[in-house]
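In: How does the following fold in three dimensions:
(one chain, ligands or ions: 1)
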Amino acid sequence: MIIFSSPKYKHLAVPLLKLPNFKSGVFGIRRFPNQELQVSVRTKVKGKKCIIIGGTASLDDELFKFLLLSHTLKIEGAQEIIAFIPYLSYSRQDKKEAGKSLAALWLGEALRASGVNKVITIDIHSPLAKILFPIPLISFSAEKIFAKAIAKYPLDKITLVAPDEGAIKRCVSLGKILGISKNIAYFKKKRTSRGVIISLLHGKVSRQAIVVDDILDTGETLVGACKKLRQEGAREITILITHGLFTGKIWEKLWPLGVRRIYCTDSVPETKKFASEKIVILPLGHILIQYFL
Ligand code: R5P
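Out: Numbering: from 1, shown residues only. Sure, this is the predicted structure:
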């Protein structure tokens, strides 16, 4: 198995490279003066299984590099190409709406056309993307990493909170691991032209709350949920988020709402620049190994 890792994702390749029969592939990417990309693969891949580790996040640039690298491996004769994309961007566009792009399907088709046989990701936004994808899409959960991070919290006094209906399953599953599956509250979220509207749908909120969601993008969802949580009596709030995009500044409004800490995985390498006492980055570390053992 040959691993081609984008420089930003090297940390996720390290545990795999300790396994027998895994080695690092060498490649380079350059741009022509007009910015067109060119990939050079310097490791022989004919008849070999390859993994590409990287992102398709925020910058379109990353996605183009990923697709071109995969296509180059394919035409060099790679037997199988597995894409490990911890944060699968575009997967939120997974519902057909008249006149609008269905980008989860588009991304799947673009990956397949570029030679990818299978995609592995972390906490896919919803199972719909799996249905839309034209190639197998496997999603591993970060829940055990979160469970470990909050193991010392007074769990019997805590309410797990889903900020929208999409996050209920994540809360229930984490609740089972922690043995608190009854202490769950969830909200209903509506996106309107005036912003996100959150209303309590189910459950009682205790003084300490842990909000669980897959993505913190602008933070609007979480700010809406935390405002509501305060009205319902929560005073100490912790947030568990798989993919921290931290776009813009809205998320900074979380602190005055009683948020003590945000735990966030390193699925998006850029998240590291937000690391602080209050934003704790949890390494995904060995998560991919389970697929190969
Ligand atoms: C959407 O349903 C997702 O699960 C997240 O709640 C959403 O993407 C977060 O976006 P934002 O932080 O911009 O509200």
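In: only C-alpha atoms for contact and neighbour calcs from this point on.
Out: Will do.
In: quick one, which residue of this structure lies the farthest from its center?
Out: residue 33 (33.6 Å; Cα atoms, centre = their mean).
In: can I assume that residue sits in a strand?
Out: No. Checked against DSSP: H, G, I helix; E, B strand; the rest coil, residue 33 lies outside a strand; its state is coil.
In: can you start the count at 380 instead of 1 from here on
Out: Got it, first residue is 380 now, which makes that one residue 412.
In: Just give me the longest helix of the protein.
Out: The longest helix of the chain (DSSP state H) is helix 439-454.
In: that older thread, who's in contact with the residue farthest from the centre of the chain?
Out: For residue 412, no contacting residues are found, by Cα atoms under 8 Å, 6 or more residues apart in numbering.
In: repeat for residue 502
Out: Residue 502 neighbours (Cα under 8 Å, 6+ apart): 466, 518, 519, 520, 521, 593, 621.
In: Please apply the same query to residue 562.
Out: 537, 538, 539, 554, 582, 583.
In: Repeat the analysis, applying 6 Å as the threshold.
Out: By Cα atoms under 6 Å, 6 or more residues apart in numbering, the residues touching residue 562 are residue 538.
In: Show the model's pLDDT score for it.
Out: pLDDT recorded at residue 562 is 90.
In: Ok, residue 436 next?
Out: Residue 436 is given a pLDDT of 64.
In: Could you do the one 5 residues further on as well?
Out: According to the prediction, residue 441 has pLDDT 90.
In: Surely it and residue 433 touch.
Out: No. The criterion here is Cα atoms under 6 Å, and residue 441 misses it with residue 433 at 8.0 Å.
In: Next, the buried residues of the longest helix of the chain.
Out: 442, 444, 445, 446, 447, 448, 449, 450, 451, 452, 453 (16 or more other Cα atoms under 10 Å).
In: measure residue 542 to residue 601 for me?
Out: The spacing between residue 542 and residue 601, counted by Cα to Cα, to the nearest Å, is 7 Å.
In: so which of the contacts of residue 502 are also by the ligand?
Out: residue 593 (Cα under 6 Å from any ligand atom).
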